[in-house]
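Student: task: produce atomic coordinates for the following.
(chains A and B)
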Amino acid sequence: MLEFLARRLAQSIVVMLVVAVVAFGLGRYAGDPVDALVGQDTTQAQRDALRHELGLDQPVPVQFVRWLGDAVRGDFGLSWRWRRPVIRLIAERAPATLELAFAAALLAFVTGVPLGVYAALRRERLSARVLMAASLVGVSLPTFLLGLLLILLFGVTLRWLPTFGRGDVVDLGGWTTGLLTRSGLRALILPSVTLALFQATVIMRLVRAGMLEVLHGEFIRYARARGLPRHIVLAHALKNALLPVCSIAALQLGSIVAFAIVTEQVFQWPGLGLLFIQAIERVDLPLVAAYLVLVSAMFVGVNLCVDLLYGLVDPRLRADRARPSGTLG
Amino acid sequence: MASVLHRSVRARGGVAAVVLCALVFLAAFVGPALAPQNPFDLADIDLSNASIPPAWLAAGDPRFLLGTDDQGRDILSAILYGARISLLVSLSAVVLAMLLGTAVGLLSGWYGGIVDAVTMRIADVQLTFPALLVALLIDGLIRGAIGGATGETTALLVVIAAIALSLWVQFARMVRALTMVEAGKPYVDAGRLIGARPARLLLLHVLPNIAGPIFVMATLDLAFAIVVESTLSYLGVGVSAARPSLGTLIRLGSDFLYSGAWWMTVFPGAALFVIVLAVNLLGDRWRDAIDPRLQ
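Tutor: Numbers count the residues shown, from 1 in each chain, chains lettered A, B, ... in the order given. Got it, this is the predicted structure:
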């Protein structure tokens, strides 16, 4: 277990280093930071002074180490567009994205898991077939298109729900939340549904496939043959089917962050995704680099946690590792 | 190969999937020749025809079946031309990803060693991130590297490269695993014994045996590539607005969503949805046909 842990940790560190090199290279080679920071009529002497002050006249490896050191402490420099520390901008926008992602993840799980179980148990029924067909529709509908259609239906035609921004937010000491106001909650509905649909269909298909595989297993046949009540058999099946699903679903939920970029653009949701897209459009490289590093750290963290939890939760993996030392299961 | 295709046609909904796909591709590649208007020809566009609703509405015009956009472009024509660009970009990207991934996968599965170690570490890094994010980042990186102002063709190539690079690892991973399985089978040993070279064994014997799953993955990836292309174009970092793909059309149309001109968004959106659905359906049926566990 310890060796496995060490190997996964080393792998994660390598991933983060690669990301750091890309992010650093982005800021270094895809534009001149001095040009981006100064105005038209800055003299050459002033430019040189700024270059020296920013350490840009140092050798590249030295710059990288300094940049990395700053980044580890959360200092990603000034945004070229906003002229403010990047980390502050990100901290201000993070609550909006996290609340949206959390709402969407919850929605996706709450709908995806029961529907998947149902589709597996009643797979010969018409309703289950309709459900599977509907899931293919859900996978085929691009996120941004779904968002636009929801805006058209519920915002423009029916005028039931807001389609723009976060509504009223409450500031809880640095964390702005829209979950405590009526307009904030109403504003959350359409974006979170948009973001959740794709994930819900993916989870549903995973749960269905997992359940079907487990239901064919020997231990389920044995449990049936013993005459165990149906709901107990199902509980055994679900426990075994959900394990791989949980790990894949957790990784899938990471992709909520990627799709949040699209959803935030559609609904002008003032979160990290919108900030990132605007940064790419305006070539605001420190901001792009910081987003890249932070989102990567999050992905790597989720991956690592999933792997470790998997090792802890699945007794078969534990048994495999325990065997060499002479103990059984 | 042929028998797999045959079986997928026989599977439930298989015929519908094949027919739908054929129609979509036909419309995209022959459609522009039949389109009522050339939306890229300024002489063909008249600003006084701007924002006309679909023909069956009271304010509609029979010349423009699905209405016009704010420039006076016929929406139906724009969709036919746009679908061709969407399919061209995503097909090229998937073929590129498939060739690269298959080549790397065959090599690392056959030889193992350093090639294998390096590619699989790259795959580990890349698979940490969702493909959409990877495509977005690669797109941004290439754009940053070649400077902001780019021509139509460059923009197309950037998007193709970004999508291809975001998808190739999946092929490499799968082909590597399949190659390792095949390499241990008796027919490969027999080939080795009669002195066949690795290149011959890989290309003439191993590759045909693992082609089915590769093509299924390519089909499902094509649907995904179409979604990624339209998403990049919707976000304004995809193909240029001078040669709009379906995603670009939807972005341009969505500016008029609130002013009631729904047809500018809904019809290109419906076209996009039908295309992705057709390809997904085909890939889904095909996968079921070659995976006996799912039957």
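Student: report the buried residues of the host helix or strand of residue A:210.
Tutor: Element membership of residue A:210, judged by DSSP states H and E, is helix A:182-215. For helix A:182-215, a neighbour-count test (16 or more other C-beta atoms under 10 Å in any protein chain shown) marks A:184, A:187-215 as buried. Where you see a C-beta, it was placed from the backbone N, CA and C, and this is true even at glycine.
Student: quick one: mean pLDDT for that helix?
Tutor: For helix A:182-215, mean pLDDT is 87.
Student: following the chain onward from the helix or strand hosting residue B:252, which element is next?
Tutor: For residue B:252, the host element (DSSP H and E) is helix B:246-254. Next helix or strand after helix B:246-254 toward the C-terminus (DSSP H and E): helix B:263-290.
Student: how about that next one and chain A, touching?
Tutor: Yes. Applying C-beta under 8 Å from any C-beta of the partner chain, one finds helix B:263-290 touching chain A at B:265-266, B:269, B:272-273, B:276-277, B:280-281, B:284.
Student: all helices of the stretch 101-250 of chain B, in order?
Tutor: Using DSSP state H, counting those that start in this stretch, the helices found in the stretch 101-250 of chain B span residues B:113-127, B:131-146, B:152-183, B:186-193, B:198-200, B:207-234, B:246-254.
Student: could you export those helices as TSV, including mean pLDDT and distance to chain A?
Tutor: Below are the helices of the stretch 101-250 of chain B laid out as TSV (pLDDT from 0 to 100; distance: least, C-beta to the nearest C-beta, whole Å):
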stretch	mean pLDDT	distance to chain A
helix B:113-127	81	5
helix B:131-146	77	3
helix B:152-183	88	11
helix B:186-193	89	29
helix B:198-200	86	30
helix B:207-234	90	5
helix B:246-254	88	5
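Student: show me which residues of the stretch 1-150 of chain B sit near chain A.
Tutor: B:121, B:124-125, B:128-130, B:132-133, B:136-137, B:140-141, B:144-145, B:148.
Student: are any of these buried, and which?
Tutor: B:124-125, B:128-130, B:132-133, B:136-137, B:140-141, B:144.
Student: tell me which of those residues is nearest to residue A:149?
Tutor: Within those, the smallest distance to residue A:149 is 19.5 Å, found for residue B:132 (C-beta to C-beta).
Student: now for the nearest residue to that closest one once chain neighbours are set aside: which residues touch it?
Tutor: Leaving aside its chain neighbours, residue B:132 sits nearest to residue A:258 (4.8 Å; criterion: C-beta to C-beta, 6 or more residues apart in numbering or on different chains). When the contact criterion is C-beta atoms under 8 Å, 6 or more residues apart in numbering or on different chains, the partners of residue A:258 are B:129-130, B:132-133, B:136.
Student: go again using 6 Å as the cut-off
Tutor: Under the criterion of C-beta atoms under 6 Å, 6 or more residues apart in numbering or on different chains, the neighbours of residue A:258 are B:130, B:132-133.
Student: for residue B:173, same thing?
Tutor: By C-beta under 6 Å, 6+ apart, residue B:173 lies in contact with residue B:123.
Student: measure it to residue A:135 for me?
Tutor: To residue A:135, residue B:173 is 25 Å away according to C-beta to C-beta, to the nearest Å.
Student: likewise residue A:271?
Tutor: Applying C-beta to C-beta, the value for residue A:271 to residue A:135 is 27 Å.
Student: so between the two, which is more surrounded?
Tutor: Taking neighbours as other C-beta atoms under 10 Å in any protein chain shown, residue A:271 and residue A:135 compare with residue A:271 leading, 25 against 22.
Student: surely the more buried one meets residue A:93?
Tutor: Yes. With contacts counted by C-beta atoms under 6 Å, residue A:271 reaches residue A:93, the gap being 5.4 Å.
Student: joint contacts of those two?
Tutor: With C-beta under 6 Å, 6+ apart, residue A:271 and residue A:93 have no common neighbours.
Student: number of nearby residues for residue B:126?
Tutor: 20.
Student: on contacts alone, who are the packing partners of the helix holding residue A:210?
Tutor: helix A:86-121, helix A:126-140, helix A:143-150, helix A:230-267 (3 or more C-beta pairs under 6 Å, 6 or more residues apart in numbering or on different chains; DSSP states H and E).
Student: let me know which of the ones you listed is tucked in deepest.
Tutor: Stretch with highest mean neighbour count among the helices and strands packed on helix A:182-215: helix A:143-150 (a mean of 24; mean count of other C-beta atoms under 10 Å in any protein chain shown).
Student: can you list contacts of the following helix or strand past it?
Tutor: Toward the C-terminus, helix A:143-150 is succeeded by strand A:170-172 as the next helix or strand (DSSP H and E). Contact partners of strand A:170-172, identified using C-beta under 6 Å, 6+ apart, comprise A:177, A:180.
Student: now do strand A:170-172, average pLDDT.
Tutor: 79.
Student: just for the stretch 1-150 of chain A, where's the confidence low?
Tutor: For the stretch 1-150 of chain A, the stretches with pLDDT under 70 are A:1, A:27-40.
Student: show me which residues of it sit near chain B.
Tutor: Residues of the stretch 1-150 of chain A found near chain B (C-beta under 6 Å from any C-beta of the partner chain) are A:15, A:18, A:30, A:136, A:140-142, A:144-145, A:148.
Student: tell me the spacing between residue B:242 and residue B:95.
Tutor: 25 Å.
Student: of the two, which one has the most company?
Tutor: Of the pair residue B:242 and residue B:95, residue B:95 is the one with more neighbours under other C-beta under 10 Å, namely 15 against 10.
Student: give me the pLDDT value at that one.
Tutor: The model's pLDDT for residue B:95 equals 96.
Student: ok, now which ones touch it?
Tutor: Shown here is residue B:95, which makes no contacts under the criterion C-beta under 6 Å, 6+ apart.
Student: that one: what secondary structure?
Tutor: The assignment at residue B:95 comes out as helix when based on DSSP: H, G, I helix; E, B strand; the rest coil.
Student: also residue A:176?
Tutor: strand.
Student: pretty sure it sits against residue A:95.
Tutor: Yes. Residue A:176 lies in contact with residue A:95 (C-beta under 6 Å); the separation is 5.2 Å.
Student: how about the residues of the stretch 201-329 of chain A that lie near chain B?
Tutor: A:255, A:258, A:262, A:265, A:277, A:280, A:299, A:303.
Student: distance of the last one relative to residue B:50?
Tutor: Using C-beta to C-beta, one gets 50 Å for the distance from residue A:303 to residue B:50.
Student: ok, the two, which is more surrounded?
Tutor: More crowded of residue A:303 and residue B:50, by other C-beta under 10 Å: residue A:303, with 22 against 14.
Student: having no further points to raise, I will conclude here.
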